[in-house]
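1. Coordinates only, no sequence provided:
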């Protein structure tokens, strides 16, 4: 959400709407986090890389979801408004 010029209210609204609009991505993100927690609890040294690997995987999943929404709306976050 930081890539968009939105008010705090709009960010919170979108944060609540996106999981409902993309339930498969939401489940995938939860699975990634769950696997990371399991691996970290099983192999404690994995704490050194599990955080960054989890963040990358969740970002990758969400980025694809955002791009699909942008394609549907015909918007591009790299173009400044106005």
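-> Happy to help now that I have it. As the structure is a prediction and not an experimental result, all values here were calculated from the model.
2. Got the phi and psi for residue 6?
-> Dihedral angles of residue 6 (phi, psi; degrees, to the nearest 10) stand at phi -130, psi 150.
3. From what I see, it and residue 14 are in contact.
-> Yes: shown here, residue 6 and residue 14 form a contact pair, counting by C-beta atoms under 8 Å, at 7.1 Å. To be clear about C-beta, it is placed using only N, CA and C from the backbone, and glycine gets the same treatment.
4. so what does the helix or strand containing residue 38 touch, helix or strand wise?
-> Per DSSP states H and E, residue 38 falls inside helix 23-42. Applying 3 or more C-beta pairs under 8 Å, 6 or more residues apart in numbering; DSSP states H and E, one finds that helix 23-42 contacts helix 47-73.
5. Helix 23-42 and the helix it packs on, what's the angle between them?
-> Calculated by axes from the mean of the first three to the mean of the last three C-alpha atoms, to 10 degrees, helix 47-73 forms an angle of 180 degrees with helix 23-42.
6. Pull out the buried residues from helix 47-73.
-> Neighbour counts over helix 47-73 (16 or more other C-beta atoms under 10 Å) mark 50, 54, 57, 58, 61, 62, 65, 66 as buried.
7. Mind listing what's buried along stretch 21-28?
-> Quick answer for stretch 21-28 (16+ other C-beta under 10 Å): 22, 25, 26, 28.
8. now for the least confident helix or strand in the chain by mean pLDDT, which elements pack on it?
-> When the helices and strands of the chain are scored by mean pLDDT, DSSP states H and E, helix 8-21 comes last with a mean of 81. Using 3+ C-beta pairs under 8 Å, 6+ apart as the contact test, no helix or strand touches helix 8-21.
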